[in-house]
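A.B. asks: any chance you could fold what I've pasted below:
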Amino acid sequence: MADIFTWCPYIEPTGTGTFRVRSAQFGNGYRQVAGDGINNEVQSWPLTFRGRESYVLEILGFLRARKGFIPFAWTPPLGVTSLFTCASWGVTPHGAGMYTLTATFEQYFGAA
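C.D. replies: So this is what the prediction gives:
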């Protein structure tokens, strides 16, 4: 069972869904389209977390422990709990012990 990501992102995260499709165009103008695999819808969520150093370090520790390729469970807005990975993140210090962490969660299909 994958570990569960429990922290709440800063307000109004904006995710995108992409459908992977394959298409073939024929000489007479006919085009054939099909979904690319059984999991052809993939979600990507750029998220922001703001807080004190200890809070941001907790989240960063969780992400670093998964090294960008070990999946974890997360429930996106209007979605169901799914597996995600996070291969990139960034930290911005604001002074007075406050930080902003940005991370992009990419939906993962495979064994946890």
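
A.B. asks: please count neighbours and contacts with C-alpha atoms only from this point.
C.D. replies: Fine.

A.B. asks: E106: how many residues sit nearby?
C.D. replies: 21 (other CA atoms under 10 Å).

A.B. asks: which residue, other than its chain neighbours, is closest to it?
C.D. replies: S44 (4.6 Å; CA to CA, 6 or more residues apart in numbering).

A.B. asks: how about F84?
C.D. replies: In space, and not counting its chain neighbours, F84 is closest to Q107: 4.3 Å by CA to CA, 6+ apart.

A.B. asks: the one you found touches N40, doesn't it?
C.D. replies: No: assessed by CA atoms under 8 Å, Q107 is found out of contact with N40, at 11.0 Å.

A.B. asks: more neighbours, the two?
C.D. replies: More neighbours surround Q107 than the other of Q107 and N40, with 20 against 14 (other CA under 10 Å).

A.B. asks: now the phi/psi pair for the more buried one, please.
C.D. replies: phi -60, psi 140 (degrees, to the nearest 10).

A.B. asks: contacting residues for it?
C.D. replies: Listed by CA atoms under 8 Å, 6 or more residues apart in numbering, the contact set of Q107 reads 42-44, 82-85.

A.B. asks: ok, and the most crowded of these?
C.D. replies: Busiest of those [other CA under 10 Å] is F84, holding 27 neighbours.

A.B. asks: pretty sure that one is touching T75, no?
C.D. replies: No: judged on CA under 8 Å, F84 makes no contact with T75 at a distance of 9.4 Å.

A.B. asks: got the buried residues for stretch 46-63?
C.D. replies: 46-50, 56, 60, 63 (16 or more other CA atoms under 10 Å).

A.B. asks: can you give me the strands in this protein?
C.D. replies: 16-19, 21-25, 31-35, 41-52, 72-74, 82-85, 89-95, 98-107 (DSSP state E).
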